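Enquirer: Fold the following and give me the result.
(4 chains)
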2 protein chains.
Amino acid sequence: MTDAKPKGEDQGAVNSTDLIAALSNGEGLVSSLERKLAAVILSDVNFATAASITEIAAKAGVSPPTVTRFCRRLGCASFSDFKVQLAKSAYVGLRYLHPETITSTPAEVAEDIVTKAQNALFELHRGLDMASLSRAAELLAGSSMIYAFGAGGNSSLIANELQNRLFRLGCRITASTDHAFNLMLSAAAEPGAVVIGSSLSGRNTEIVRCFDLLREREIPTIALTRAGSEVAAAADIVIAIDLPEGKNIFRPTSTRYAFLAAVDILANLVAYADREKSRRLLRSIKEQLVRHRDGDDRQLLGD
Amino acid sequence: MTDAKPKGEDQGAVNSTDLIAALSNGEGLVSSLERKLAAVILSDVNFATAASITEIAAKAGVSPPTVTRFCRRLGCASFSDFKVQLAKSAYVGLRYLHPETITSTPAEVAEDIVTKAQNALFELHRGLDMASLSRAAELLAGSSMIYAFGAGGNSSLIANELQNRLFRLGCRITASTDHAFNLMLSAAAEPGAVVIGSSLSGRNTEIVRCFDLLREREIPTIALTRAGSEVAAAADIVIAIDLPEGKNIFRPTSTRYAFLAAVDILANLVAYADREKSRRLLRSIKEQLVRHRDGDDRQLLGD
DNA sequence: GCCTTCCGTGAAAATAAATTTCTGCATTCT
DNA sequence: AGAATGCAGAAATTTATTTTCACGGAAGGC
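Expert: Residues are numbered from 1 along each chain as shown, chains lettered A, B, ... in the order given. Next up, the predicted model:
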């Protein structure tokens, strides 16, 4: 048996998406030839990952050594390391390059949507503040009643989803997507209650009003929203979901995946916050799986 | 200027995830040394993408030529091509390798959920049947009324989402998550109507009942569900969403992302199916963006 | 205004890596 | 049991990448 530990050096200096990002905004690329190289590589990333150094050099009209230096400057250990880094980031980052391509064929539409959704998830993960997520989960797990607010097609989906996920964990929760009703609930909420509100834009003034009222009444609030937004300012705990606005690729449509994932994570953390609840959760999942496999269930739980 | 066309050969024979998949289930790997190599590579994919052929050979206790043959057998053009392919699939596929890792720390939970969601999206994309999606979109675009059915936390989300997405495109649509009501709607639906139903499990017998009734009544039906399932059999057009069941990593939780993406794609195709509708859609998106940037909107459309 | 210095670049050499060829060995079929 | 098939490794070849060195241009100082 060979259990000899390998060197295992962490060669890649640049984070995977940073490579594509660095390439597109020309980070640290001073010379014109290097910019040319960046352009050539970005113009066809797939070619770049497959080609040899001489092929790339020829395409950019430079010499191989220039390509090597270029790779080093970008923080890669070598040309092959660069190719690997590029390949790593290509899948996630490709859409950054042509963000406003008008998609027409069904296949393009599908690829576009899937890639944007994946990018949104990726960005969410990068920007997540685990501390506030944990605090939010603790708060929710210890609450006696949860109100989930959200309005409009997207945030109402999130509010409903919060209910869908948390009631299974034994939380007392109701989702409300009605502004007037939200206000009444906020006015009537008793100590021990927690209010969690979602706003993709961070500008839902009705939720802000509710949060203001709740702060006065010392009912803790959690916001799933943009950092620094009005909704964020009004909440006690902010689960910030900031997808870079500069790139237009994050429409509400794809942002939703990020919000949904945030809810998933939150729900999981709530489950783990309480050992007993966690055990119950795992048991129910197991049961669900067993039932599923037996095939004699008429209806899968929570289809 | 050098505008010499490069060879641009499409070297990678294997699709990116297939590589990780092929590696894990040992596709076509007959010899024991090759299995050993696969195990070594899977045990530390990051090492494998960074290491040289001799390092990998040493770690697996084989000779470099064996590694080369191994790469070829997996459909790669060369060892470096293999590394690139591996790097491409690593980000998406890593979680396949430790599917049942018990996640405990918040960071692990987050990574787990995000990665599973991304995998689900990836698998969805791989398995999508564009033809049936297009037909479904055409059908929906040409309908006079749409009913969206779904039950349980997840499929009801999808049904509501269909309504949320399609009403914006000028479709007449209502979502219903009430079994009894679904039956009544099915019995009352008039020619020109289309019914679209979602079932993650494919075993929603109530939807099957509705679809049977609708088939008798010659009202076309679309199913978002597992291929080959009862629901699929009962529908006229099936948008099959098959996430590999063998790996337990696709719980309903992550499957939902795939369904959601399918709805997104469908909605986009519906929009493109009708030039006029498409124009309207784009205008409204534009308006939304402009409003968003102006910052004087009180409430973002569809927050 | 000219000279010096620094930086970027490419040619060529050197090095490192990967692949091919060939031989030996094990397994299996006749 | 003997032959044939196919896989694995050693060595050599080939390929690719990197380093070194020398040149040229640009910027700054005298």
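
Enquirer: Hmm, A:Arg256 and A:Ala198 touching each other?
Expert: Small correction: residue A:198 is Ser, not Ala. No. Using Cβ atoms under 8 Å as the test, A:Ser198 is too far from A:Arg256 to be in contact (10.1 Å). In this view, the C-beta of every residue, glycine as well, is placed from N, C-alpha and C.

Enquirer: more crowded one of these two?
Expert: Legend: neighbour count by other Cβ atoms under 10 Å in any protein chain shown for A:Ser198 and A:Arg256, higher for A:Ser198 (32 against 24).

Enquirer: That one: what secondary structure?
Expert: Under DSSP: H, G, I helix; E, B strand; the rest coil, the three-state class of A:Ser198 is strand.

Enquirer: What ranges does the stretch 201-303 of chain A have for its strands?
Expert: Per DSSP state E, counting those that start in this stretch, the stretch 201-303 of chain A carries strands over the ranges A:221-225, A:237-240.

Enquirer: Using CSV, lay out the ones you listed together with mean pLDDT and mean neighbour count.
Expert: Output for the strands of the stretch 201-303 of chain A, formatted as CSV (pLDDT from 0 to 100; neighbours: other Cβ atoms under 10 Å in any protein chain shown):
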stretch, mean pLDDT, mean neighbour count
strand A:221-225, 97, 29
strand A:237-240, 96, 22
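
Enquirer: Give the residue spans of chain A that score low on pLDDT.
Expert: Chain A contains residues with pLDDT under 70 at A:1-18, A:21, A:24-30, A:90-104, A:244-252, A:275-302.

Enquirer: how much space between the residue most central in space within it and DNA strand D?
Expert: The residue lying closest to the centre of chain A (Cα atoms, centre = their mean) is A:Leu124, at 2.3 Å. A:Leu124 sits 34 Å away from DNA strand D when distances are taken as Cβ to the nearest atom of the strand, to the nearest Å.

Enquirer: Return the helix or strand containing that residue as PDB; C-alpha atoms alone will do.
Expert: Using DSSP states H and E, A:Leu124 falls within helix A:106-127. Presented in PDB, the C-alpha positions along helix A:106-127 are these (Å, rounded to 0.1, in the frame of the first residue of the first chain):
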ATOM      1  CA  PRO A 106     -34.300  26.800 -27.200                       C
ATOM      2  CA  ALA A 107     -30.900  25.300 -26.400                       C
ATOM      3  CA  GLU A 108     -29.400  28.700 -25.900                       C
ATOM      4  CA  VAL A 109     -32.300  29.800 -23.700                       C
ATOM      5  CA  ALA A 110     -31.900  26.700 -21.600                       C
ATOM      6  CA  GLU A 111     -28.100  27.100 -21.300                       C
ATOM      7  CA  ASP A 112     -28.500  30.700 -20.500                       C
ATOM      8  CA  ILE A 113     -31.000  30.200 -17.700                       C
ATOM      9  CA  VAL A 114     -29.100  27.200 -16.200                       C
ATOM     10  CA  THR A 115     -25.800  29.000 -16.200                       C
ATOM     11  CA  LYS A 116     -27.200  32.200 -14.700                       C
ATOM     12  CA  ALA A 117     -28.900  30.200 -12.000                       C
ATOM     13  CA  GLN A 118     -25.600  28.500 -11.300                       C
ATOM     14  CA  ASN A 119     -23.800  31.800 -11.200                       C
ATOM     15  CA  ALA A 120     -26.300  33.200  -8.800                       C
ATOM     16  CA  LEU A 121     -25.800  30.200  -6.500                       C
ATOM     17  CA  PHE A 122     -22.100  30.600  -6.800                       C
ATOM     18  CA  GLU A 123     -22.200  34.300  -6.000                       C
ATOM     19  CA  LEU A 124     -24.500  33.600  -3.100                       C
ATOM     20  CA  HIS A 125     -22.100  31.100  -1.700                       C
ATOM     21  CA  ARG A 126     -19.200  33.500  -2.100                       C
ATOM     22  CA  GLY A 127     -20.900  36.300  -0.300                       C
END
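
Enquirer: Sounds good, over and out.
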